[in-house]
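S.K.: With the sequence up front, the predicted model follows.
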Protein chains: 2
Amino acid sequence: MATKAVNLETQRAKLERKERAILDAARAVFVEHGFDGARVSEIARHASIGEGTIYSYYESKAELMLAVLQQFWDGLTLEAEAVMASTNVEGFFERLQALAQYHLNTVIENGDFINLTFALRRNNSEVSVSRDHLRHYVAVFDQLFRRGQDRGELRQDAILWQARDVFYGTLEYSARSIEMTMDGERHLRQQKPVVDQMVSLFQAHYGAQHETTTIDESDLTRLSSQLDSLSEKFDNLDKRLSR
Amino acid sequence: MATKAVNLETQRAKLERKERAILDAARAVFVEHGFDGARVSEIARHASIGEGTIYSYYESKAELMLAVLQQFWDGLTLEAEAVMASTNVEGFFERLQALAQYHLNTVIENGDFINLTFALRRNNSEVSVSRDHLRHYVAVFDQLFRRGQDRGELRQDAILWQARDVFYGTLEYSARSIEMTMDGERHLRQQKPVVDQMVSLFQAHYGAQHETTTIDESDLTRLSSQLDSLSEKFDNLDKRLSR
DNA sequence: AATCCTTATTGAACTTGACTCGAAAATGCC
DNA sequence: GGCATTTTCGAGTCAAGTTCAATAAGGATT
């Protein structure tokens, strides 16, 4: 009985260890060669198992890739949540800055994975990183934003998904720009202006001071012309009076 | 002699027609099935030619895809330039709105192609849409932005590539959000808020009025109190006069 | 310990699909 | 018409993902 249980344990552990080995090997090979470039045989060699064995753990190469990506995104989500938890300032914009900094850096460092994610989603329509994983990841932003609205730091009429697209869209494109031009390892220095821009952009456009109405030039010019006409009236009156 | 020339002409025309046929067939099949899903044999069938013939026009499946994409992007660039040319208002923000509307609509309508572009770039590192084509496309934005700066409508210290990433990054993500949630054909209605947000976001963050200082409530209250005091003076004068 | 049964592993065989190549058809030229 | 060049073709080659029948390993039962 005891041996039974022990053996079951070790057996299960063995399988899990083997599964992790496959996942790690796959991760390495996929990152190095991309999805199409990766050879299942090479993954098997890396994991020190036969090629056919992989298929008793995963249905197909695409599903293996999917598992790798899900593990990756789950890790990212945990990290993002940790960043938010460890940022002990309360203000929305400080926290936004921390999140932007984390995300931008992540996208640059793990560009391969981000690319692979969308590449898979695009190529292989049946197999794609489940929406849930991505949604779970961006939920960190969503929660932050809603809290900013609750605290009155953000306009009540701001639309969450639009703000989210501004945030992640801009950061992904910026990451590409940074990757493109910068080759040195002093990435952080290049990232700062992008992060700062993001924060001030949110302040300018989603900050609560704009809540009731958007201030644009027309408001100012209207006020200005009102002032002018009033001033004119006053002058006329003044003239009339001093006559 | 005459026949020679004519034959050369018709022959060249024939070849070109055949090349166009291949390109059109490839376009259709790639859009329908994606890069990996597309079968070269199906493309050949669509173009009514033998499978091998394709390879006397294009080195490989990837290069064929590349040709399709380049044709696509060149078309987009021409359209974007046409939009700018036909928008005869002068103001930066009106023109930005037109460009944003065009781009967002395009990305939604031709989402397949956009996806294919980046999918190829990611999968097949040797073959990718030449940077020139994309650069040529975004040059429309760049030119608009620089002109806005020259005309004094935009802050002089704004950084072009950052603004560009905000513009295209946000619009691409927004397009995805719109595609995701909206299934009806009334896309234009869904696009408007995104476009409007983009314009007001640029006004708030890149507009020249912010160059020296941000417009906030203090500006308004100052103006307002000026008006109040002037109004009071006027009333006093009026009273004095009618007495 | 021997036997039996279940499960895991394997790599050779199968399949699919991009690509090659030698032959044949078409075209151009005199 | 006859020779040269170009173009077209699809059967054959090759590479890589996937299957599967045989084998090995592990665990239960006697």
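M.R.: That came through fine.
S.K.: need the contact list for residue A:76.
M.R.: Residue A:76 makes contact with A:106, A:110, A:137, according to C-beta atoms under 8 Å, 6 or more residues apart in numbering or on different chains. (Glycine included, C-beta is placed from N, CA and C.)
S.K.: brain fart, residue A:141
M.R.: Residue A:141 sits next to A:99, A:164, A:167, A:168 when contact means C-beta under 8 Å, 6+ apart.
S.K.: just those residues now: which is nearest DNA strand D?
M.R.: For the contacts of residue A:141, the residue nearest DNA strand D by C-beta to the nearest atom of the strand is residue A:168; the value is 31.0 Å.
S.K.: Just the element for the closest one, please.
M.R.: Per DSSP states H and E: residue A:168 is located in helix A:160-181.
S.K.: domain ranges for chain A?
M.R.: A:1-57, A:62-210 (automatic domain parsing).
S.K.: From the chain's centroid, how far away is the first one?
M.R.: Read that as domain A:1-57. In terms of C-alpha atoms, centre = their mean, to the nearest Å, the centre of domain A:1-57 is set 30 Å apart from its chain centre.
S.K.: before we move on, what about stretch A:130-144?
M.R.: Taking mean C-alpha positions (C-alpha atoms, centre = their mean), stretch A:130-144 and its chain are 9 Å apart.
S.K.: ok, and for it, which residues are buried?
M.R.: By neighbour count on 16 or more other C-beta atoms under 10 Å in any protein chain shown, the buried set for stretch A:130-144 is A:133, A:134, A:136, A:137, A:138, A:140, A:141, A:144.
S.K.: Any chance of JSON lines for the residues you listed, columns pLDDT and distance to residue B:200?
M.R.: Below are the buried residues of stretch A:130-144 laid out as JSON lines (pLDDT from 0 to 100; distance: C-beta to C-beta, whole Å):
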{"residue": "A:133", "pLDDT": "91", "distance to residue B:200": "33"}
{"residue": "A:134", "pLDDT": "92", "distance to residue B:200": "28"}
{"residue": "A:136", "pLDDT": "95", "distance to residue B:200": "31"}
{"residue": "A:137", "pLDDT": "97", "distance to residue B:200": "28"}
{"residue": "A:138", "pLDDT": "97", "distance to residue B:200": "23"}
{"residue": "A:140", "pLDDT": "98", "distance to residue B:200": "26"}
{"residue": "A:141", "pLDDT": "98", "distance to residue B:200": "21"}
{"residue": "A:144", "pLDDT": "98", "distance to residue B:200": "22"}
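S.K.: From those residues, pick the one nearest DNA strand D.
M.R.: Closest to DNA strand D out of the buried residues of stretch A:130-144 is residue A:133 (21.5 Å), distances taken as C-beta to the nearest atom of the strand.
S.K.: how about low-confidence regions in chain A?
M.R.: Per-residue confidence for chain A (pLDDT under 70) gives these ranges: A:1-12, A:119, A:121-127, A:182-186, A:210-235, A:237-238, A:240-243.
S.K.: Show the residue spans covered by the helices in it.
M.R.: A:2-37, A:40-47, A:51-57, A:61-86, A:92-109, A:111-123, A:131-150, A:160-181, A:187-206, A:217-242 (DSSP state H).
S.K.: follow-up on the earlier one: next, the angle from the helix holding residue A:168 to helix B:111-123.
M.R.: Here the directions of helix A:160-181 and helix B:111-123 differ by 40 degrees (axes from the mean of the first three to the mean of the last three C-alpha atoms, to 10 degrees).
S.K.: Do any residues in helix A:160-181 lie close to chain B?
M.R.: Yes - against chain B, helix A:160-181 shows contacts by C-beta under 8 Å from any C-beta of the partner chain at A:161-162, A:164-166, A:168-174, A:176-177.
S.K.: near DNA strand C, which residues of chain A show up?
M.R.: Proximity of chain A to DNA strand C, by C-beta under 7 Å from any atom of the strand, involves residues A:15, A:18, A:49, A:50, A:51, A:52, A:53, A:55, A:56, A:57.
S.K.: on that earlier part again, show me what counts as buried in the helix holding residue A:168.
M.R.: Using 16+ other C-beta under 10 Å as the test for burial, helix A:160-181 gives A:161-178.
S.K.: How about residues contacting that helix?
M.R.: Contacts with helix A:160-181, where a contact means C-beta under 8 Å, 6+ apart, come from A:100, A:103-104, A:107-108, A:111, A:114, A:138, A:141-142, A:145-146, A:187, A:190-191, A:194, A:198, A:201-202, A:206, B:161-162, B:164-166, B:168-174, B:176-177, B:193-194, B:197, B:201.
S.K.: at 7 Å instead, please
M.R.: With C-beta atoms under 7 Å, 6 or more residues apart in numbering or on different chains as the test, helix A:160-181 has contacts from A:100, A:103-104, A:107-108, A:111, A:138, A:141-142, A:145, A:187, A:190-191, A:194, A:198, A:206, B:161-162, B:165-166, B:168-170, B:172-174, B:177, B:193-194, B:197.
S.K.: Could I have the CA atoms of that helix written out in CSV?
M.R.: Taking C-alpha atoms only, helix A:160-181 is exported to CSV below (Å, rounded to 0.1, in the frame of the first residue of the first chain):
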residue,chain,number,x,y,z
LEU,A,160,-12.2,51.9,-20.6
TRP,A,161,-11.5,49.9,-23.8
GLN,A,162,-10.5,53.0,-25.7
ALA,A,163,-8.0,54.0,-23.0
ARG,A,164,-6.7,50.4,-22.9
ASP,A,165,-6.1,50.4,-26.6
VAL,A,166,-4.2,53.7,-26.4
PHE,A,167,-2.1,52.2,-23.6
TYR,A,168,-1.2,48.8,-25.0
GLY,A,169,-1.2,49.9,-28.7
THR,A,170,1.1,52.8,-28.2
LEU,A,171,3.5,50.8,-26.0
GLU,A,172,3.7,47.9,-28.5
TYR,A,173,4.5,50.2,-31.3
SER,A,174,6.9,52.1,-29.2
ALA,A,175,8.7,48.9,-28.2
ARG,A,176,9.1,48.1,-31.9
SER,A,177,10.6,51.5,-32.6
ILE,A,178,13.0,51.2,-29.7
GLU,A,179,14.0,47.7,-30.7
MET,A,180,14.6,48.9,-34.2
THR,A,181,16.8,51.9,-33.5
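S.K.: and the angle for that helix with helix A:187-206?
M.R.: Using the same axes, to 10 degrees, helix A:160-181 lies at 150 degrees relative to helix A:187-206.
S.K.: contacting residues for residue A:136?
M.R.: By C-beta under 7 Å, 6+ apart, the contact set of residue A:136 is residue A:77.
S.K.: Tell me the spacing between it and chain B.
M.R.: To chain B, residue A:136 is 16 Å away according to C-beta to the nearest C-beta, to the nearest Å.
S.K.: now do residue A:38
M.R.: To chain B, residue A:38 is 11 Å away according to C-beta to the nearest C-beta.
S.K.: Any residue of stretch A:197-214 touching chain B?
M.R.: Yes - under the criterion of C-beta under 7 Å from any C-beta of the partner chain, chain B is reached by stretch A:197-214 at A:197, A:200, A:201, A:204, A:205, A:209, A:214.
S.K.: For PyMOL, write a command that selects the buried ones of those residues.
M.R.: Provided next is the PyMOL selection string for whichever of those are buried by 16+ other C-beta under 10 Å:
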select buried, chain A and resi 197+200+201+204+205+209
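S.K.: Let me know the closest of the residues of stretch A:197-214 next to chain B to DNA strand D.
M.R.: For the residues of stretch A:197-214 next to chain B, the minimum distance to DNA strand D (C-beta to the nearest atom of the strand) is 41.6 Å, reached by residue A:197.
S.K.: tell me the contacts of the closest one?
M.R.: Residue A:197 sits next to residue B:162 when contact means C-beta under 7 Å, 6+ apart.
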